[in-house]
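A.B. asks: Please find the sequence and the predicted model below.
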Amino acid sequence: MPDREETAMTDAEVEAASLSALAEAEANCTRCPLYRNATQVVPGEGHRQARMMVVGEQPGDKEDLAGRPFVGPAGRLFDAALAQAGIPREQIFVTNAVKHFKFEPRGKRRLHRTPNAGEIDRCKWWLGQEFKLVAPAVLVAMGATALRGLLGRPTTISSLRGKTGRIEDGTPLIATVHPSWLLRIRDAETREKERMAFMADLRRAWQMVG
């Protein structure tokens, strides 16, 4: 059962007028318990009028410490794929479906844990605010958590990959894997094949921008 401050935040939702104001509001978020153990919130960043918005799953350890999305190992792979696809990162908007790092302490390490449905749904408010402010022409969902955040229901990547989905208002949606998944593939040949497919998904979304 949510405590009083979490309930209050749900009832008094903030409509931000700018991305900077939104980031300030997110920093005070208590909509779910994840804020209690995270170092800080990790808001989205990028071009204010980006035509392409890329949504990941949640911040990792490096992102939690830096307060910026996609700056760790998965972020470096993401940046390389963007460069190969001919997509300038400064011209897109990058964010996560969940804004706080969910983890399990293991000695000195913090191991990633997948956000649950309630945490994703609570954070959908902030994702929706980012979408309204940026107003992108196309969305890219990297991973199942991102898909749930955008669609509001559980959906598999495989069911949408290679197709053009739509969110509720009709904005096109491209589904792909999360770059952290690529890092876990041990076979080099398979990893390179999947990396190229990931890059192709990003390129297809960028081409839809026109």
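C.D. replies: It's in. Residues are numbered from 1 along each chain as shown.
A.B. asks: what mean pLDDT does the longest helix along the chain have?
C.D. replies: Looking across the chain with DSSP state H, the single longest helix is helix 188-209. In this model, helix 188-209 has an average pLDDT of 97.
A.B. asks: which other helices and strands contact it?
C.D. replies: Applying 3 or more C-beta pairs under 8 Å, 6 or more residues apart in numbering; DSSP states H and E, one finds that helix 188-209 contacts strand 52-56, helix 73-85, strand 138-142, strand 172-176, helix 179-183. For the C-beta atoms, the positions are set from N, CA and C on the backbone; glycine is no exception.
A.B. asks: can you redo these as a markdown table with distance to L202 and mean neighbour count?
C.D. replies: Output for the helices and strands packed on helix 188-209, formatted as a markdown table (distance: least, C-beta to C-beta, whole Å; neighbours: other C-beta atoms under 10 Å):
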| stretch | distance to L202 | mean neighbour count |
| --- | --- | --- |
| strand 52-56 | 8 | 26 |
| helix 73-85 | 5 | 18 |
| strand 138-142 | 7 | 26 |
| strand 172-176 | 7 | 23 |
| helix 179-183 | 10 | 18 |
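A.B. asks: Out of these, which gets nearest to G162?
C.D. replies: If you check each of the helices and strands packed on helix 188-209 against G162 by C-beta to C-beta, strand 172-176 wins as the nearest, at 8.5 Å.
A.B. asks: Compute the inter-axis angle for that closest one and helix 73-85.
C.D. replies: In terms of direction (axes from the mean of the first three to the mean of the last three C-alpha atoms, to 10 degrees), strand 172-176 departs from helix 73-85 by 120 degrees.
A.B. asks: Adjacent strands (with direction) for strand 172-176?
C.D. replies: Strand 172-176 pairs in its sheet with strand 138-142 (parallel), strand 165-166 (antiparallel), by DSSP bridges.
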